[in-house]
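Novice: would you be able to build a 3D model of this:
(2 chains)
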Amino acid sequence: TQLLEQSPQFLSIQEGENLTVYCNSSSVFSSLQWYRQEPGEGPVLLVTVVTGGEVKKLKRLTFQFGDARKDSSLHITAAQTGDTGLYLCADAGGTSYGKLTFGQGTILTVHP
Amino acid sequence: GAVVSQHPSWVICKSGTSVKIECRSLDFQATTMFWYRQFPKQSLMLMATSNEGSKATYEQGVEKDKFLINHASLTLSTLTVTSAHPEDSSFYICSASWTRFTDTQYFGPGTRLTVL
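Specialist: Numbers count the residues shown, from 1 in each chain, chains lettered A, B, ... in the order given. Here you go, the predicted model:
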């Protein structure tokens, strides 16, 4: 059974600071997705990474996929209060039913 | 495009009653739908996978007789929590994909269930 570990579990920072969230797997990711979820809403897909060493940027967010495809990181530059939420990584591989395996999540709170 | 809705968005019920939650894909046909459960400040836990026209596949530890899933059409799946108890109180989220062979799921906004 694949285990996805995210760290840190909780992150509380001031607006303008930078932060990094990590996602590590006990086995190779088929493909990895990052989601952001706000309270009372469903998760929203931020990015999908597939190739080892891949780097993707989405405005102030930078996503890296490890060369061995067993780890990933999400870096946010100059955090804003609107970045507050639960960040989830998920392995999008597995069975032919396309099941997602989610990490435990990182709760980010950005204070004004 | 790719919008998934859930109804109701929140529901409060008495212990022992049954509650039905609907998940609809509004602008695409969803061959496969997934149901998740989420406790406060925790991650999503997959409950079951449903494919249109066939029985749902439940994850280990999920009681199929308690959480009835029906995927009768390509745009609608329902989750019925039978004989609900306070421990069933949770945030239930569905997602839909147009094919089982894709890693792209579109998530609904979730349904908050509170059992008194």
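
Novice: can you pull the contacts of residue 112?
Specialist: Just so you know, I chose chain A. A:E15, A:T81 (Cβ atoms under 8 Å, 6 or more residues apart in numbering or on different chains). Where you see a C-beta, it was placed from the backbone N, CA and C, and this is true even at glycine.

Novice: you looked at the wrong chain, it should be chain B
Specialist: A:G40, B:S9, B:W10, B:V11, B:F91.

Novice: spell out the secondary structure type for B:T17.
Specialist: Three-state call for B:T17 (DSSP: H, G, I helix; E, B strand; the rest coil): coil.

Novice: just say helix, strand or coil for the closest residue to it other than its chain neighbours.
Specialist: Distance criterion Cβ to Cβ, 6 or more residues apart in numbering or on different chains; nearest residue to B:T17, sequence neighbours excluded, is B:A84 at 6.0 Å. Of the three states, B:A84 takes coil according to three-state DSSP.

Novice: B:A84 against B:V11, yeah?
Specialist: No - judged on Cβ atoms under 8 Å, B:A84 makes no contact with B:V11 at a distance of 9.6 Å.

Novice: give me the more crowded residue out of these two.
Specialist: Using other Cβ atoms under 10 Å in any protein chain shown, the more surrounded residue of B:A84 and B:V11 is B:A84, with 22 against 17.

Novice: which neighbouring elements make contact with the helix or strand in which B:A72 is found?
Specialist: Using DSSP states H and E, B:A72 falls within strand B:67-73. Using 3 or more Cβ pairs under 8 Å, 6 or more residues apart in numbering or on different chains; DSSP states H and E, the elements in contact with strand B:67-73 are strand B:32-38, strand B:44-51, strand B:76-81.

Novice: give the pairing partners of the helix or strand following the second one; include direction for each.
Specialist: Read in the C-terminal direction, the helix or strand following strand B:44-51 is strand B:57-58, with elements assigned using DSSP H and E. In the sheet containing strand B:57-58, its partner strands are strand B:44-51 (antiparallel), by DSSP bridges.

Novice: what is the mean pLDDT for the partner strand?
Specialist: Average pLDDT, strand B:44-51: 92.

Novice: next: stretch A:81-98.
Specialist: Averaged across stretch A:81-98, the pLDDT comes to 83.

Novice: list the buried ones in that stretch?
Specialist: Going by neighbour count (16 or more other Cβ atoms under 10 Å in any protein chain shown), the buried part of stretch A:81-98 is A:D83, A:T84, A:G85, A:L86, A:Y87, A:L88, A:C89, A:A90, A:D91, A:A92, A:G93, A:G98.

Novice: quick revisit: parallel or antiparallel, list what pairs with the strand holding B:A72.
Specialist: Assessed with DSSP bridges, strand B:67-73 is paired to strand B:76-81 (antiparallel).

Novice: taking strand B:32-38 as reference, get the angle to the strand it pairs with.
Specialist: In terms of direction (axes from the mean of the first three to the mean of the last three Cα atoms, to 10 degrees), strand B:76-81 departs from strand B:32-38 by 30 degrees.
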